[in-house]
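Chemist: Predicted model, plus sequence, below.
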Amino acid sequence: MPFWAWAGSVYVMPGVELASIGDVGAWVPIGTPALGALFSYVGSVAYVAIVEGREKRFIKGAFGKYLSPDVVAEISEDPSALTLGGEKRPLSLLFSDLSGFTEISEEMDAQDLIALLNEYLNDMTQVVFDEKGYLDKYIGDAIMAFWNAPKAVPDHPDRAMRTAILMQRRMASLNERWSAEGDREPLKVRIGVHTGEVVVGNVGGEDRFDYSAIGDAVNLAARLEPANKTYDTLNMVSETTLAMSDGAYRVRELDIIAVKGKDEPVRVFELLEMEGVPLEAAKERALPVYEEAMALYKERRWADAKQRFEAAVAACPGDGPSLLYVERCAENIADPPPADWDFVVRRTEK
């Protein structure tokens, strides 16, 4: 007999479901087990859906304000990529601070001040999000952001450096807009960028915590931002970050510094623009002269270096790094440093 003819028949009567098994003549109740299996399956699917839904809601709630919507969506679809309990990971970190904001806050009406601050923070945060960065926190008008966590970002040094450049462009646009709206002094944003291994994860108590980063690399990045004041620069990036980038940037060497509280020095650069983007004419004239002067400075030819730094200042009056090195050369001529001087400037302020 063909298989399909005897494989089985099902008889359904009120309250009873029986199945015949081949030619054996045995009748087996299948209703209850079948319904049990069905309910078990449905329950399992529902449980998984509930758990996954709860997980996605947690991720969106925890990261919705700190990451761009598309990145949050990616993470919520693949929560396995997250390690929230804490892990060591290389990050590129950015700290920014609005120069002169304290003075402005004393002069402006409270509502106007908050409106200005919110507009500034909104624009700068959008730049971070556009480059797939994580907004760690606002500290007044200051911003802390990082890349490569919670979602891996292989080109995190480049994204952090691009963000610094794009934030400066956005700052220029904001100043133009504010100037057109009324008589207001232009604001400047100082930025420090560094890359290094940190501990990243949920930091806080049981009821309140933040996903954040801690470690020496965080402290160094935070110190680079105010170090800009010494050189009258806007963007400072560490050699570590620059070496890990694709190199498509216009930079100039500033110094070798050891920040307060740290003995290990780091070479730092002024991050000027993307490669191929022209600067103002005076700056373009000054940069090659500055490079010549820096080469002479490293050879301890203080008088020759001073002349070239002065030439850089003549080409671009007010150029901060050139002015600083004119002073340093004069000091070294008057009181030469020892032969074993390592050129490291040890900062005594944050």
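Modeler: Right, received. Where do you want to start?

Chemist: three-state assignment of Gly247?
Modeler: Secondary structure assignment for Gly247 (DSSP: H, G, I helix; E, B strand; the rest coil): coil.

Chemist: For the chain, which segments are assigned as helices?
Modeler: 3-6, 31-63, 69-77, 101-107, 110-130, 156-181, 216-231, 239-244, 281-298, 302-315, 320-334 (DSSP state H).

Chemist: Could you list the domains of this structure?
Modeler: Domain assignment for the chain by automatic domain parsing gives 3-50, 83-277, 281-341.

Chemist: picking that back up, out of the helices of the chain, flag the one nearest Trp147.
Modeler: Of all the helices of the chain, helix 156-181 sits nearest to Trp147, with 3.6 Å by C-beta to C-beta. Where C-beta positions appear, they are placed from N, C-alpha and C, glycine not excepted.

Chemist: Just want the angle from the closest one to helix 216-231.
Modeler: Counting by axes from the mean of the first three to the mean of the last three C-alpha atoms, to 10 degrees, helix 156-181 lies at 40 degrees to helix 216-231.

Chemist: Check which residues of helix 156-181 are buried.
Modeler: Burial within helix 156-181, assessed by neighbour count using 16 or more other C-beta atoms under 10 Å, is assigned to 156-168, 170-171, 174, 178.

Chemist: same question, stretch 283-303
Modeler: Applying 16+ other C-beta under 10 Å to stretch 283-303 flags Lys283, Arg285, Ala286, Leu287, Val289, Tyr290, Glu292, Ala293, Met294, Leu296, Tyr297, Trp302 as buried.

Chemist: next one: stretch 339-350
Modeler: Buried, per 16+ other C-beta under 10 Å, within stretch 339-350: Val345, Arg347.

Chemist: From Ile214, how far off is the most centrally placed residue in the chain?
Modeler: Nearest to the geometric centre of the chain sits Phe146, at 2.5 Å (C-alpha atoms, centre = their mean). Counting by C-beta to C-beta, to the nearest Å, the gap from Phe146 to Ile214 is 11 Å.

Chemist: can you check Gly86 too?
Modeler: Counting by C-beta to C-beta - Gly86 and Ile214 are separated by 9 Å.

Chemist: For the closest residue to Leu324 other than its chain neighbours, give me the pLDDT.
Modeler: Leaving aside its sequence neighbours, Leu324 sits nearest to Tyr231 (C-beta to C-beta, 6 or more residues apart in numbering; 5.8 Å). Reported pLDDT at Tyr231 in the predicted model: 98.

Chemist: before we move on, back to that, okay, and the common contacts of Gly86 and Ile214?
Modeler: Shared contacts of Gly86 and Ile214 (C-beta atoms under 8 Å, 6 or more residues apart in numbering): Val199, Val200.

Chemist: report the longest strand in the protein, please.
Modeler: Counting residues, the longest strand found in the chain (DSSP state E) is strand 188-204.

Chemist: Give the other helices and strands that that one contacts.
Modeler: For strand 188-204, the packing partners by 3 or more C-beta pairs under 8 Å, 6 or more residues apart in numbering; DSSP states H and E come out as strand 87-99, helix 156-181, strand 209-214, helix 216-231, strand 235-238, helix 239-244, strand 266-274.

Chemist: quick one: which of these is nearest Ala314?
Modeler: Of all those, it is helix 216-231 that lies closest to Ala314, at 18.5 Å by C-beta to C-beta.

Chemist: Buried residues, that closest one. List them.
Modeler: For helix 216-231, a neighbour-count test (16+ other C-beta under 10 Å) marks 217-228, 230-231 as buried.

Chemist: tell me which of these is nearest to Val259?
Modeler: Arg223 (3.8 Å).

Chemist: and the gap between Ala152 and Asp136?
Modeler: Relative to Asp136, Ala152 is positioned 17 Å away (criterion: C-beta to C-beta).
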